[in-house]
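> Any chance you could fold what I've pasted below:
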Amino acid sequence: MRNVAAIAGKELRGYFASPIAYVVMGFFALLFGMFFNAYLGAFMQQSMQMAGFGGGSMNVNMNLVRPLFGNASVVLLFVIPMITMRTYSEEKRSGTIELLLTSPLSDVEIIIGKFLGAMGLYVAMLAVTLLYMAILFWFGNPDWRPIAAGYLGLLLMGGSFIAVGLLISNLTKNQIVAGTATFGVFLLLWIVSWIGDGFGPRVQAVLSYLSITEHFDDFAKGVIDTKHLVYYLSFITFGLFLTAKSVDSERWRG
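Residues are numbered from 1 along each chain as shown. Predicted coordinates:
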């Protein structure tokens with residue numbers, strides 16, 4: 001665990017030693033804030049209209065928090081590649097990958113360390129958005145459990161994307177290529193359920209299960225289902241496993 005923590009700390013310091021961490025966090029916070037402001041304005045307007053017609057009150061979790069998390073999940077398609085594109089590509093470009101592979105560290109320790117380092121930046125990125133949730137609790141009375149479920153879904157989805165991003169970053173020396181390819185794979189995982197619409201029900205069911213968005217929707221609703229937890233954890237494990245195999249082949253080629 002000490003070696004893993006050392007690698008994770010090195011990766012996290014590398015992010016904040018460059019503009020990457022600040023650009024990613026600022027970009028995500030800006031878009032999240034824009035969505036929050038738009039949905040809050042619409043929520044307030046609809047609430048006043050309902051009050052004027054003598055209707056009931058609107059549910060802040062369903063009408064504001066759920067679509068907000070849905071839009072935040074879309075932003076991850078653009079943000080996560082910026083986090084993962086340098087993990088291995090930069091090591092290869094600078095020539096430090098040979099030192100890393102010949103160090104007394106196992107492939108698993110290196111991969112988990114890099115994964116936790118990227119997750120550290122991702123968690124910090126999500127933590128910035130808690131300010132907007134604090135505003136809701138300050139002026140309103142939302143249910144905290146759907147919000148917690150939504151953040152858990154974002155955390156698991158981000159972890160799945162990071163695991164894939166590590167694999168793709170290990171396949172090239174160019175950060176731009178790694179980022180672009182990662183975005184392409186993310187987009188495919190996003191729309192794979194749409195592809196199944198033109199096939200039979202069995203193919204559609206399989207592709208729908210593979211879609212990373214289908215499993216997030218329940219989290220956005222505030223529902224934590226075991227099958228979704230198993231999907232995301234299996235996705236992360238499989239992504240890290242493929243990365244380990246890719247790193248192992250790098251050792252043999254070296």
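
> Quick one: low-confidence residue ranges for the stretch 1-150 of the chain.
The model of the stretch 1-150 of the chain has pLDDT under 70 over residues 51-58, 95, 97-98, 100-102.

> now do the stretch 151-254 of the chain
If you take pLDDT under 70 as the line, the stretch 151-254 of the chain has these spans: 196-200, 250-254.

> Any buried residues in the longest helix anywhere in the chain, and which?
Ordering each helix of the chain by length in residues (DSSP state H) puts helix 20-52 first. Residues of helix 20-52 classed as buried by neighbour count (16 or more other C-beta atoms under 10 Å): 20-21, 24-25, 28-29, 31-32, 35-36, 39-40, 43. The C-beta positions use only the backbone N, C-alpha and C, and glycine is treated the same way.

> likewise stretch 166-186?
Those would be 166-170, 172-173, 175, 178-179, 181-183, 185-186, for stretch 166-186 by 16+ other C-beta under 10 Å.

> Max pairwise distance over those: which two?
173 and 186 (20.8 Å; C-beta to C-beta).

> most centrally placed residue in the chain?
For the chain, the residue sitting closest to the mean C-alpha position, by C-alpha atoms, centre = their mean, is residue 158 at 1.8 Å.

> How about the contacts made by that one?
Contact analysis of residue 158 by C-beta atoms under 8 Å, 6 or more residues apart in numbering lists 76, 80, 119, 122, 126.

> which of the buried residues of stretch 166-186 lies closest to residue 142?
For the buried residues of stretch 166-186, the nearest to residue 142 is residue 186 (29.6 Å; C-beta to C-beta).

> what's the helix or strand for the residue nearest to that closest one when sequence neighbours are not counted?
Of all residues not flanking residue 186 in the chain, residue 77 sits nearest, at 4.9 Å (C-beta to C-beta, 6 or more residues apart in numbering). Secondary structure from DSSP states H and E places residue 77 in helix 66-84.

> tell me the angle that helix makes with helix 20-52.
170 degrees (axes from the mean of the first three to the mean of the last three C-alpha atoms, to 10 degrees).

> After helix 66-84, which helix or strand is next?
The helix or strand immediately downstream of helix 66-84 is helix 89-94, counting by DSSP H and E.

> ok, and what's touching stretch 29-44?
Outside stretch 29-44, the residues touching it (C-beta under 8 Å, 6+ apart) are 58, 60, 63-64, 67-68, 71-72, 75, 125, 128-129, 132.

> related to what we said a few turns ago, what residues does the residue nearest to residue 186 make contact with?
Residue 77 sits next to 183, 186-187, 190 when contact means C-beta under 8 Å, 6+ apart.

> And these, which is closest to residue 246?
Closest to residue 246, out of all of these and judged by C-beta to C-beta, is residue 186, at 18.1 Å.

> Correct me if wrong: that closest one contacts residue 164.
Yes - using C-beta atoms under 8 Å, residue 186 makes contact with residue 164 at a distance of 7.2 Å.
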